[in-house]
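Chemist: got a predicted structure plus its sequence, pasted below:
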Amino acid sequence: MMAWAVVLLAGCQPAEPEKPLWEDVKVRDLAPKRDGKTVGPRVLNTINIDVHIWEIPADEVGKLEKAWAMLRKEPLRYYSYSAFEGNLFSAGFGQVKDWGKVHEVLVSMGGQKAAQISLLLSDRQEQDLPIARPARQEVSHITAEGERRTAVVGPGVIALRIKGQRIPGARGVCAVVAYPVFTLGLTTAIPELAERAKAQELDFTGAGFGMRMGVGDVVLLGPKQYISDTTTLPGLVFSNPEGSLFFYAGSRKRPERREAVRLFILVCTRISD
């Protein structure tokens, strides 16, 4: 498993005079632990994150540039920005109070909310947001070291793994890291089976990113372009080649099934220090 110790220290954002975002947080502590152990003392603070899953017609993806232009890149950090972009992932940071214009862009593209999931993250604990359930197949991706590799996954679950951690000495904010992962999706109380399932996981940290979040902060995650090939990481995470039924509010146009692209909107709704 690749270490996360340099995710935010080696991010490709230009240096700023203010205190580094992750100075008080070791990202290796946010990485998944194969032995299931946590680092440091357990604390009770939690972070609530609502994940809104939207779908837009695949042929409208180019218009996402308008949304990205309204969001900020500076608060985001990466293990490798070139690998993140090479995997055709894109993300932007904003706040709920400024979200109206971004929402208008998504709606103008024919976008519609497909689902909403509320996550309660305890300190240093992770939760997986299931995205797809592939059968056994190959997946092409770019590693955090910049190498293009092909991995065999499935049957199982492709998920977005989200993990939060308190920032020592800071109130009202938490460190959050997210990255795609392949997991068997098994829940068992038998340690041997849990360990075996954990050993078969594959973390796509080349497409991972992190940020500091407070209440009202929002992150949009989506593709840089439409990739229908689900044997690639961006295609598997973002694309829905089978399509979804899109409705046209205020129009006489009939609903129609179109190839779709998934977007993930992470909203921090509460932090308990």
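Modeler: Perfect, thanks for sending it.
Chemist: how many other residues sit next to residue 269?
Modeler: Residues near residue 269, counting by other Cβ atoms under 10 Å, number 14. From N, CA and C alone the C-beta is placed, and that goes for glycine too.
Chemist: dump the residue contacts of the residue nearest to it when sequence neighbours are not counted.
Modeler: The spatial neighbour of residue 269 that comes closest, neighbours along the chain excluded (Cβ to Cβ, 6 or more residues apart in numbering), is residue 48 at 4.7 Å. Listed by Cβ atoms under 8 Å, 6 or more residues apart in numbering, the contact partners of residue 48 are 118-121, 268-271.
Chemist: pull the residues that contact stretch 265-273.
Modeler: Contact with stretch 265-273 is made by 44-54, 96, 118, 162, 166, 171-174, 176, 178, 213-221, as judged by Cβ under 8 Å, 6+ apart.
Chemist: quick one: mean pLDDT for the strand or helix carrying residue 140?
Modeler: Residue 140 is part of strand 137-142, with elements assigned from DSSP states H and E. Across strand 137-142, the average pLDDT comes to 96.
Chemist: chain neighbours aside, what residue packs nearest to residue 206?
Modeler: residue 83 (3.8 Å).
Chemist: mind checking how far that neighbour is from residue 56?
Modeler: 25 Å (Cβ to Cβ, to the nearest Å).
Chemist: show me which of those two is the more surrounded one.
Modeler: A direct count of neighbours by other Cβ under 10 Å for residue 83 and residue 56 places residue 56 higher, at 27 against 23.
Chemist: around the residue nearest to that one when sequence neighbours are not counted, count how many other residues there are.
Modeler: Closest residue in space to residue 56, ignoring its immediate chain neighbours: residue 111 at 4.2 Å, by Cβ to Cβ, 6+ apart. Residue 111 is flanked by 22 other residues according to other Cβ under 10 Å.
Chemist: show me what contacts residue 111?
Modeler: Residue 111 sits next to 54-56, 60, 263 when contact means Cβ under 8 Å, 6+ apart.
Chemist: sort out for me which of the residues you listed are in strands.
Modeler: Among the contacts of residue 111, the members falling in strands (DSSP state E) are 54-56, 263.
Chemist: by neighbours, which of those wins?
Modeler: Among these, the one with the most neighbours (other Cβ under 10 Å) is residue 56, at 27 neighbours.
Chemist: list the beta-bridge partners for that one.
Modeler: In this entry, residue 56 is beta-bridged to residue 261, by DSSP bridges.
Chemist: surely it is in contact with residue 260?
Modeler: Yes: assessed by Cβ atoms under 8 Å, residue 56 is found in contact with residue 260 at 6.8 Å.
Chemist: drop anything exposed from the contacts of stretch 265-273.
Modeler: By neighbour count, with 16 or more other Cβ atoms under 10 Å, those hold 46-49, 51-54, 162, 166, 173-174, 176, 178, 213, 217-221 as buried.
Chemist: mind listing what's buried in the strand holding residue 140?
Modeler: Buried residues in strand 137-142 (16+ other Cβ under 10 Å): 139-142.
Chemist: still on that earlier bit, how close does the residue nearest to residue 56 get to residue 150?
Modeler: To residue 150, residue 111 is 32 Å away according to Cβ to Cβ.
Chemist: heading C-terminal from the strand holding residue 140, find the next helix or strand.
Modeler: Assigned by DSSP H and E, the successor of strand 137-142 is strand 148-153.
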